[in-house]
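Peer 1: Predicted coordinates and the sequence they were generated for:
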Amino acid sequence: MNSTLHTYWRKLARGSRNGLPDQLLLAILTPFAAMYSLAQALRSQLYRSGALQTRKLPRPVISIGNITVGGTGKTPVTAFIARRLLSQGLRVAVLSRGYGGTLEGQSAIVSDGQQTLLEAWQCGDEPYLLASTVAGLMVVIGSDRHAAGMLALEKLSPDVFLLDDGFQHIRLHRDLDILLLDHSRPFGNGRTLPAGLLREPRRAAERADIHIHTRCPKGAPAVPAIGGKPSCRARHTLRDALPLKGGTPFPFGILRDRKALAFAGIAEPQNFFEGLHSQGVNLVSTVAFPDHVSYDGSRIAELAGAMEASGADTLVTTEKDGVKLKQMPENLAARTLLARLDLAIDDPAPLETMLARVLGEHHSTSSDGNDKESCGTGLR
């Protein structure tokens, strides 16, 4: 899907396009969405009934995922929780699919907690970003997360697993299921793929143990509970700018006197661009690429052309995009900045309570000598 079509579809799926042609297209897509919803509901029921079995790892598994396609801030939340657990002296391993990397489908260690062993093009941009920015974090990729977890147990001996983008990966038992929902439009237009953003019917949100509403404005009121489940509110704030070539980060205020071109290959690039505006960055142009874009020669040439056309003297992008820019020509790399992101949770008590419960229960079970691999059929 090219970037123009992808942008249009996301607006349609979010409910931002309501013209007659848009409604006609939704009418065409609705029967396919109904079939998709039925397939997803049937899959969930097969796990609930035990017809399909979940597999269990002998360490706590904390799943962090979403119910929509991209754009809820999974990587910052995963990094936030990883740092919290690491600060308690725990050995933490992230299990990721490795989407977009050449090793996708294979089980491989991205980081052993001491050094990063793979490149972004091998393991995917999100696993690499976590491995390279969260000190002490172990990261393992694999489409079969149970196999990836067993590899981690054999080679790295973690105390706890974080299942990245794991809400739909219900064949792996999780001890805590965290669902992220975008504050502004948590369910898009309310329809499943391909007529909407939902990966599963909306009622699947009740399967989660806790909801984190992301990208909440500062001071936003508490969000009504969904299915009676506890929730937290998270805020994403751009912190500072780090030169792509390395060096000392500096505040965004410095960019007010520069002409910046912002670009991003993420699910919701407009949120990033608006964040830069709010920091006072003088944006003269923006370029939105598809999520998980590969920055090959044609993409780099497109950026160079956009800089020349707009008169920009600086490029600004996300850290996620930055891990894929190692081959950028020196003349562009020297003018490229990475906008670093901070995440804050305004009401962390429900999350902290659940994390403590899960880790406490595992410690109690381990002390009883029952720390062994098993299989289960429960769908949390």
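Peer 2: Arrived safely, thanks for sending.
Peer 1: Strands of the stretch 151-300 of the chain, start to end?
Peer 2: With strands called from DSSP state E, counting those that start in this stretch, the stretch 151-300 of the chain shows them at 160-164, 176-182, 210-214, 231-243, 260-264, 283-288.
Peer 1: ok now do K11, which residues does it touch?
Peer 2: Going by Cβ atoms under 8 Å, 6 or more residues apart in numbering, K11 touches R17. The C-beta positions use only the backbone N, C-alpha and C, and glycine is treated the same way.
Peer 1: again, but for G188
Peer 2: Applying Cβ under 8 Å, 6+ apart, we find G188 in contact with A13, R14, G15, T68, G196, L197, L198.
Peer 1: Could you report the neighbour count for the third one?
Peer 2: What that stands for is G15. G15 has 17 neighbouring residues, counting by other Cβ atoms under 10 Å.
Peer 1: Now it: closest residue in space, sequence neighbours ignored.
Peer 2: Nearest in space to G15, with sequence neighbours left out and distances taken as Cβ to Cβ, 6 or more residues apart in numbering, is N189 at 3.7 Å.
Peer 1: Let me see the contact set for the one you found.
Peer 2: So N189 contacts L12, A13, R14, G15, L26, A195, G196, L197 (Cβ under 8 Å, 6+ apart).
Peer 1: The helix or strand A79 falls within to strand 160-164, inter-axis angle?
Peer 2: A79 belongs to helix 74-86 when assigned by DSSP states H and E. Helix 74-86 runs at 170 degrees relative to strand 160-164, counting by axes from the mean of the first three to the mean of the last three Cα atoms, to 10 degrees.
Peer 1: starting at the chain centroid, how far to the next helix or strand after helix 74-86?
Peer 2: Following helix 74-86 in sequence order, the next helix or strand is strand 92-96 (DSSP H and E). Strand 92-96 sits 13 Å away from the centroid of its parent chain (Cα atoms, centre = their mean, to the nearest Å).
Peer 1: Point out the other helices and strands that strand 92-96 packs with.
Peer 2: If contacts are counted by 3 or more Cβ pairs under 8 Å, 6 or more residues apart in numbering; DSSP states H and E, strand 92-96 sits against helix 74-86, helix 125-133, strand 138-141, helix 145-155, strand 160-164.
Peer 1: re the thing from before, what is the nearest of the contacts of G188 to L38?
Peer 2: L38 lies nearest to L198 out of the contacts of G188, by Cβ to Cβ, at 13.3 Å.
Peer 1: now the contacts of N189 in JSON lines, with distance to A135?
Peer 2: Formatted as JSON lines, the contacts of N189 follow (distance: Cβ to Cβ, whole Å):
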{"residue": "L12", "distance to A135": "41"}
{"residue": "A13", "distance to A135": "37"}
{"residue": "R14", "distance to A135": "36"}
{"residue": "G15", "distance to A135": "40"}
{"residue": "L26", "distance to A135": "46"}
{"residue": "A195", "distance to A135": "43"}
{"residue": "G196", "distance to A135": "39"}
{"residue": "L197", "distance to A135": "34"}
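Peer 1: And the residue nearest the centre of this structure?
Peer 2: Nearest residue to the geometric centre of the chain (Cα atoms, centre = their mean): K74, 2.7 Å.
Peer 1: Find me the pLDDT at it, would you?
Peer 2: Per-residue confidence (pLDDT) for K74: 92.
Peer 1: on that earlier part again, ok, and the most crowded of the contacts of G188?
Peer 2: Tallying neighbours with other Cβ under 10 Å puts L197 at the head of those, with 29 neighbours.
Peer 1: Confirm for me that that residue is in contact with L12.
Peer 2: No. Counting by Cβ atoms under 8 Å, L197 stays clear of L12, with 9.6 Å between them.
Peer 1: so how far is the first residue of stretch 166-184 from its last?
Peer 2: Its start and end residues considered, stretch 166-184 measures 22 Å (Cα to Cα, to the nearest Å).
Peer 1: What residues of it count as buried?
Peer 2: Neighbour counts over stretch 166-184 (16 or more other Cβ atoms under 10 Å) mark 166-170, 172-183 as buried.
Peer 1: do stretch 40-53 as well
Peer 2: By neighbour count on 16+ other Cβ under 10 Å, the buried set for stretch 40-53 is Q40, S44, Y47.
Peer 1: picking that back up, just the helices and strands packed on strand 92-96: most buried one?
Peer 2: Mean neighbour count (mean count of other Cβ atoms under 10 Å) peaks for strand 138-141 among the helices and strands packed on strand 92-96, with a mean of 30.
Peer 1: what sits against C123?
Peer 2: If a contact means Cβ under 8 Å, 6+ apart, then C123 has S96, G98, G101, L103, A108, V110, A131, V139, I141 as its contacts.
Peer 1: Check these and tell me the two furthest apart.
Peer 2: Spanning the widest gap among the contacts of C123 are L103 and A131, at 13.3 Å by Cβ to Cβ.
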